[in-house]
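Chemist: Predicted model and sequence below, questions to follow.
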Amino acid sequence: MITGILIATAVVAGAGIVIGIILGVADMKLHVDVDEKEQAILEALPGNNCGGCGFPGCSGCAAAIAKGEAAVNQCPVGGAPVAEIISGIMGVEAGDSTRMVAYVHCQGDCEKAKTKYEYNGVSDCRLQTQAPGGGSKTCGFGCLGGGTCVSVCQFDAIHVVNGVAVVDKEECKACGKCIDICPKHLIDLIPYTATQVVSCKSQDMGKAVNGYCTVGCIACHICEKNCPAGAITVENNVAVIDQEKCTHCGTCVTKCPKKAIKAV
């Protein structure tokens, strides 16, 4: 009886020793050296894993920065403070980085834009574009107000207000998820410091725009002709502001007869 117990104990102990040796050898064979810079960069990143940097999560971004394949200010969520920390880790200058925020180029809310019918389906802009006429709005370029952009924002920075998505620039981290998911391609990034923005994306002729939206761009060229900095051009029947040239004088806002250009 006792002999049997001793034998069993010896077998278990022997098996444990063998397994321990195997695991030790495997650890030596499979060991991967950790890049200390990469680890430090990963700890400095905010950890949102939003993908706004263009890499698959914060770990992918950290690896790219550590290898010199991405800039120290690659993370849009962390912004300048995180870039400063990472530049210290990498031993380089952080450089100037312009804070960007998302902006929805549409003002066609329930009062300003006409609708063809009342949509009562699932509140998802991607599904609404499959409805007759590409959605209930008469304007084929306008915000559908389904809130798909709202559903993907991790920072609670975008909300549907009176039928149109609106970005809170103070909360926006420029991750780009709302831009990627908008089926109407109404959202893009503008500088945080921008003070005048064209709030329309319609490429229809002016007469058509006048028929369905009170604040749509009619491509009248008045803003283009009156901009002292030459920062505005009309392209595909809609005004576009070059924010690098814009001097923030506000002339375009006051001259626009349709109020399609907003002060923000």
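Modeler: Noted; the coordinates are in hand.
Chemist: Looking at residue 14 now. What's its pLDDT?
Modeler: pLDDT for residue 14: 64.
Chemist: Kindly report the same for residue 136.
Modeler: For residue 136, the model assigns a pLDDT of 92.
Chemist: list the contacts for the residue minimising distance to the centre of the chain?
Modeler: Nearest to the mean C-alpha position of the chain, counting by C-alpha atoms, centre = their mean, stands residue 176 at 1.3 Å. By C-beta atoms under 8 Å, 6 or more residues apart in numbering, the residues touching residue 176 are 51, 52, 76, 102, 189. For the C-beta atoms, the positions are set from N, CA and C on the backbone; glycine is no exception.
Chemist: if I look at residue 87, how far off is residue 65?
Modeler: To residue 65, residue 87 is 10 Å away according to C-beta to C-beta, to the nearest Å.
Chemist: which residues do these two both contact?
Modeler: residue 72.
Chemist: ok, the two, which is more surrounded?
Modeler: residue 65 (28 against 17; other C-beta atoms under 10 Å).
Chemist: now the more buried one: how far from residue 93?
Modeler: On the measure of C-beta to C-beta, residue 65 and residue 93 end up 14 Å apart.
Chemist: And residue 106, by the same measure?
Modeler: 39 Å.
Chemist: who's more crowded, these two?
Modeler: The neighbour count for residue 106 versus residue 93, taken as other C-beta under 10 Å, is higher for residue 106 (29 against 9).
Chemist: my guess is the more buried one meets residue 186, correct?
Modeler: Yes - between residue 106 and residue 186 there is a contact under C-beta atoms under 8 Å: 5.3 Å.
Chemist: Now residue 145. Nearest residue, chain neighbours left out?
Modeler: In space, and not counting its chain neighbours, residue 145 is closest to residue 163: 4.1 Å by C-beta to C-beta, 6 or more residues apart in numbering.
Chemist: tally of neighbours for that neighbour?
Modeler: 20.
Chemist: Let me see the contact set for residue 221.
Modeler: Contacts of residue 221 (C-beta under 8 Å, 6+ apart): residue 234.
Chemist: what about residue 59, how many residues close to it?
Modeler: 16.
Chemist: a strand runs through it, doesn't it?
Modeler: No - assessed with DSSP: H, G, I helix; E, B strand; the rest coil, residue 59 is helix; it does not lie in a strand.
Chemist: element containing the nearest residue to it once chain neighbours are set aside, please.
Modeler: With sequence-adjacent residues excluded and distances taken as C-beta to C-beta, 6+ apart, residue 59 is closest to residue 42, at 6.0 Å. For residue 42, the element it lies in under DSSP states H and E is helix 36-44.
Chemist: any idea how far that helix is from the chain center?
Modeler: Chain-centre distance of helix 36-44: 24 Å, with C-alpha atoms, centre = their mean, to the nearest Å.
Chemist: And that helix, what does it pack against?
Modeler: helix 57-66, helix 79-90 (3 or more C-beta pairs under 8 Å, 6 or more residues apart in numbering; DSSP states H and E).
Chemist: How about residues contacting the first one?
Modeler: Meaning helix 57-66. Contacts of helix 57-66 (C-beta under 8 Å, 6+ apart): 35, 37-39, 41-42, 45-49, 51, 53-55, 70-72, 74-75, 86, 90.
Chemist: Buried among those? Make that a ChimeraX selection.
Modeler: In ChimeraX, this line selects whichever of those come out buried by 16 or more other C-beta atoms under 10 Å:
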select :37,38,41,42,45,48,49,51,53,55,70,71,72,74,75,86,90
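Chemist: which intervals of this protein have sub-threshold pLDDT?
Modeler: In the predicted model, the chain carries pLDDT under 70 at residues 1-16, 18, 20, 23-34.
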